[in-house]
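Colleague: Fold the stuff below for me.
(one chain, ligands or ions: 1)
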Amino acid sequence: MIYPNNISSKLPKTGTSIFAIMSELSNQHNAINLSQGFPDFMCSKKLIDLVTKHMRKGNNQYAPMPGVLALREGIAEKTKELYNTEYDPISEITITAGATQAIYTAIASIIKEGDEVIVFEPAYDCYVPAILLNGGIPVHVEMKTPEYKINWDEVKKLINHSTRMIIINSPHNPTGSTIDAEDIKQLEKITTNSDIIILSDEVYDHIIFDNLKHESIASYPSLANHSFVIGSFGKLFHNTGWKIGFCLAPEKLMQEFRKTHQFIVFTCNTPIQYAMAEYLKEKSYLELGNFYQSKRDYFNDLLKPSRFTYTPASGTYFQLLNYSRISDEKETDFAVRLIKEYGISSIPISAFYHKEIDNKVLRFCFAKSEQTLEKAAEKLCKI
Ligand SMILES: Cc1ncc(COP(=O)(O)O)c(C=O)c1O
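Modeller: Just a heads-up that it's a prediction; the model follows:
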């Protein structure tokens, strides 16, 4: 094929995502895949039947641009019940093609050339490319192992007249850490009476353990009034492949969000939205914390005889394991060796930093059946 050789990449330093690389290698070596974050068990049959019902009923054409109203109303009700904040389903809630699209859209609708965006590292991989594609400048703040807490003094020093957005993510992927009331206070201090918009990635809001409370930005009106709050049904309903998410924001921000949303995707899968609106009423998400806490505990107990060390995750379905008692190898080298020699895949945490940082920590996804976790732990205990 003849191709132009003068393409100047908009993302010159970005390669294929680490999730795709590790999953591909994992497949090649027939390894147990604890790298990418997805459940290896079925989502609810009832939900699948509801999608079929709505397809047969004829709900197969474009949904309204902001999403099926019944689903937006369901989200508004859930948010009011959990966080005591009212979002108007007509003007303040939009359904998106997964949280990834919501995050991209929120960034694209606000960030202009030269705007600075505070990003905490290790950082989920879709934030920085979205900032760069829109001419923004990512300003990185490192969270230190093993607690991965935000150093707010450092944040304060980095704030200037160009700071336009702060991205927070709790419960946090990849570390499993969570923010607390003190973090909220600091965020309030920094952003109140400023032009700073908060993008709060809360896709794991119900996957939080040990009786910790999820500190949603939505529950603090002083923050919610200048924030995008992002959720994902893939995490709530065990169907990451359906790619349905949502964004909550005050009307002024949502107007900007929708201007961009309509030209990125316009609208999302119609029958799935109708089905989710019905299924949401069952409130199955209230069981998620206990469900995944049992999996975390099961996996961690099985790993007790191993040479890995760990602090149990506070949320998400990821457990970090430190291998410094086993090897000096770089994270990526060690992760590749685990696939090739032991048949188990993980994600090196170094992939979530913009600069070279190597803490000898790998991320393992425990959203798996007991059988998968047992097989994985057996392999890890042999290392
Ligand atoms: C922190 C975080 N944000 C966003 C997403 C993307 O969610 P979705 O699959 O709904 O696009 C993920 C998915 O793993 C995630 O872990």
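
Colleague: Show me which parts of the one helix or strand in the chain whose mean pLDDT sits lowest are buried, residue by residue.
Modeller: None of the helices or strands of the chain scores lower by mean pLDDT, DSSP states H and E than helix 18-28, at a mean of 89. By neighbour count, with 16 or more other Cβ atoms under 10 Å as the criterion, the buried positions of helix 18-28 are Ile18, Ile21, Met22, Ser23, Leu25, Ser26. For the C-beta atoms, the positions are set from N, CA and C on the backbone; glycine is no exception.

Colleague: give the contact list for the closest residue to the ligand within the stretch 151-300 of the chain.
Modeller: Of all residues in the stretch 151-300 of the chain, Ser232 sits closest to the ligand, with a separation of 3.3 Å (Cβ to the nearest ligand atom). If you count contacts by Cβ atoms under 8 Å, 6 or more residues apart in numbering, Ser232 has them with Gly98, Ala99, Val203, Thr240, Ile244, Gly245, Phe246.

Colleague: repeat that for 6 Å
Modeller: Contact criterion Cβ atoms under 6 Å, 6 or more residues apart in numbering gives Ala99, Val203, Gly245 as the residues in contact with Ser232.

Colleague: Now narrow those to whatever sits close to the ligand.
Modeller: Of the entries in these, those that also sit close to the ligand under the rule Cβ under 6 Å from any ligand atom are Ala99, Val203, Gly245.

Colleague: Let me know whether the last one touches Ala97 as I believe.
Modeller: No - between Gly245 and Ala97 no contact is recorded; they are 7.2 Å apart, counting by Cβ atoms under 6 Å.

Colleague: Those two: who's more crowded?
Modeller: Each of Gly245 and Ala97 had its neighbours counted (other Cβ atoms under 10 Å), and the higher figure belongs to Gly245 (24 against 20).

Colleague: Mind pulling the model confidence for the more buried one?
Modeller: Gly245 is assigned a pLDDT of 98 by the prediction.

Colleague: how near is it to Lys235?
Modeller: Distance, Gly245 to Lys235, by Cβ to Cβ, to the nearest Å: 9 Å.

Colleague: Repeat that for Ser23.
Modeller: Going from Ser23 to Lys235 by Cβ to Cβ gives 18 Å.

Colleague: do the same with Asn160
Modeller: Distance from Asn160 to Lys235, counting by Cβ to Cβ: 34 Å.

Colleague: out of the two, which sits in the busier spot?
Modeller: For Asn160 versus Lys235, the count of surrounding residues by other Cβ under 10 Å is larger for Lys235: 29 against 8.

Colleague: In three-state terms, how would that one be classified?
Modeller: Under DSSP: H, G, I helix; E, B strand; the rest coil, Lys235 falls in the helix class.

Colleague: Kindly report the residues of the stretch 151-300 of the chain close to the ligand.
Modeller: Selection of the stretch 151-300 of the chain residues close to the ligand by Cβ under 6 Å from any ligand atom yields Asn169, Asn173, Asp201, Val203, Ser232, Gly234, Thr240, Gly245.

Colleague: Of the residues you listed, which belong to helices?
Modeller: Assigned to helices by DSSP state H, the following of those qualify: Gly234.

Colleague: Please tell me which one of the residues of the stretch 151-300 of the chain next to the ligand counts the most neighbours.
Modeller: Going through these with other Cβ under 10 Å as the criterion, the one with the most neighbours is Asp201, at 28 neighbours.

Colleague: Provide a list of residues in contact with it.
Modeller: Applying Cβ under 6 Å, 6+ apart, one finds that Asp201 lies in contact with Asn169, Ile230.
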